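*Asks:* Task: produce atomic coordinates for the following.
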Amino acid sequence: MKNTAKIGVPACLVGQFLVAMPQMPDPRFARTVIYICAHTGDGAMGLVVNRLFDGIAFPDLLAQLKIELDQPAGGSLRVHYGGPVESGRGFVLHSADYMREGSMQVADGVVLTATVDVLRAVAEGTGPKQALLALGYAGWGPGQLDEEMQANGWLNVPADSSILFDADMDSKWDRALAQLGIDLSMLSVDVGHA
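*Replies:* Presented below is the predicted three-dimensional model:
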């Protein structure tokens, strides 16, 4: 693949966090942390990891999908808002201890599975040790994410599994920024200025 990265934007953000800048103009992404699952010349795809999906719980989702359990073990997942694209489509980001047909290794130790089998495995207690269920995703067309980063919409940060899989939604954004040693008061809202 041809390297099309612009100055200051990594060629590939797969396996990294995107952290919304404080002045993010789109309210759907204000104070979000997004785990990037795909980033190519054709676009990018990621999952918001610090917002819960209002109004649906894991047992309700299993019932809607007509997933009947042979051995219910009480395993559960919190349902996250993965992004505004295809909000009826589910994705499970999880630890690499669970790999099945249809699972895709995203980065070292992190796998993406979009089949109902992983939901059944979690509910039965045989799924991955760490997992995050998201409905919908964040998507960008060719060059769109690079442009948003150049316009100071996002920062990229190495992903940390303790942030990715942690249940503390309220502090994920702050903790992701802290990995860069950033003082929020020092961030400029003007493009091209520090």
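*Asks:* Now do the buried residues in the lowest-mean-pLDDT helix or strand in the chain.
*Replies:* Every helix and strand of the chain was ranked by mean pLDDT, DSSP states H and E. The lowest is helix 58-64, at a mean of 85. Using 16 or more other Cβ atoms under 10 Å as the test for burial, helix 58-64 gives 58, 61-62. Bear in mind the C-beta positions are built from the backbone N, C-alpha and C, glycine included.
*Asks:* Make TSV out of those and add distance to V19.
*Replies:* Listed next are the buried residues of helix 58-64 as TSV, based on distance: Cβ to Cβ, whole Å:
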residue	distance to V19
F58	27
L61	28
L62	32
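*Asks:* Quick check: phi and psi on M169?
*Replies:* The phi/psi pair for M169 (degrees, to the nearest 10) reads phi -70, psi -40.
*Asks:* where does the residue most central in space within the chain fall, helix, sheet strand or coil?
*Replies:* Nearest to the centroid of the C-alpha atoms of the chain, with distances taken as Cα atoms, centre = their mean, sits L47, at 2.7 Å. Assigned with DSSP: H, G, I helix; E, B strand; the rest coil, L47 falls in the strand class.
*Asks:* if I pick it, what's in contact with it?
*Replies:* 34-35, 37, 80, 82-83, 91, 93, 132, 134, 137-138 (Cβ atoms under 8 Å, 6 or more residues apart in numbering).
*Asks:* Now go through these and say which are in strands.
*Replies:* 34-35, 37, 80, 91, 93, 132, 134, 137-138 (DSSP state E).
*Asks:* would you list these in a markdown table and tack on distance to M104?
*Replies:* Below are the ones in strands among the contacts of L47 laid out as a markdown table (distance: Cβ to Cβ, whole Å):
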| residue | distance to M104 |
| --- | --- |
| I34 | 17 |
| Y35 | 13 |
| C37 | 8 |
| H80 | 18 |
| F91 | 10 |
| L93 | 10 |
| L132 | 15 |
| A134 | 15 |
| Y137 | 14 |
| A138 | 17 |
